[in-house]
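# build me a structure from this.
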Amino acid sequence: MADLNATITAGREAVTATPTGHPKHAGRLSNLSLALYIRFGRVGELERWSSSANPIHNHPHRP
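Model (predicted):
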């Protein structure tokens, strides 16, 4: 998992360093999105994020 996280970090840095419109920008975005997709498949990021998006049941302003 550490290798995958390092790949994602490097991919984000590459995308940030590449100007929009540069011939390699789209490819770098694609590589980053693939790494994020693989991590999502391995650790179930969706479940983590969806549970954090659930409303708090005892919140005073809950409808």
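# longest single helix anywhere in this structure?
The residue-count maximum for a helix in the chain (DSSP state H) belongs to helix 25-43.
# what residues sit buried inside it?
Buried residues in helix 25-43, counting neighbours by 16 or more other CB atoms under 10 Å, are found at Arg28, Asn31, Leu32, Ala35, Leu36, Arg39. (Each C-beta comes from the backbone N, C-alpha and C, glycine too.)
# now that helix: average pLDDT?
Averaged over helix 25-43, pLDDT sits at 91.
# which elements pack onto that helix?
Helices and strands touching helix 25-43, by 3 or more CB pairs under 8 Å, 6 or more residues apart in numbering; DSSP states H and E, are helix 2-17.
# check which helices and strands the helix it packs on sits against.
So helix 2-17, by 3+ CB pairs under 8 Å, 6+ apart, packs with helix 25-43.
# report the backbone C-alpha coordinates of stretch 19-28 in CSV.
Written as CSV, here are the backbone C-alpha positions of stretch 19-28 (Å, rounded to 0.1, in the frame of the first residue of the first chain):
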residue,chain,number,x,y,z
PRO,A,19,0.6,23.3,-17.1
THR,A,20,-3.0,22.7,-18.4
GLY,A,21,-2.8,22.4,-22.2
HIS,A,22,0.7,20.7,-22.1
PRO,A,23,0.8,17.6,-24.3
LYS,A,24,1.5,15.4,-21.3
HIS,A,25,-1.1,16.9,-18.9
ALA,A,26,-3.9,14.6,-19.9
GLY,A,27,-1.7,11.5,-19.7
ARG,A,28,-0.6,12.5,-16.2
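# give me the contacts around that stretch.
With contact meaning CB atoms under 8 Å, 6 or more residues apart in numbering, stretch 19-28 is reached by Gly11, Ala14, Val15, Thr18.
# picking that back up, tell me the one among the buried residues of helix 25-43 nearest to Thr7.
Ala35 (4.9 Å; CB to CB).
# quick one, what contacts the closest one?
By CB under 8 Å, 6+ apart, the contact set of Ala35 is Leu4, Thr7, Ile8, Gly11.
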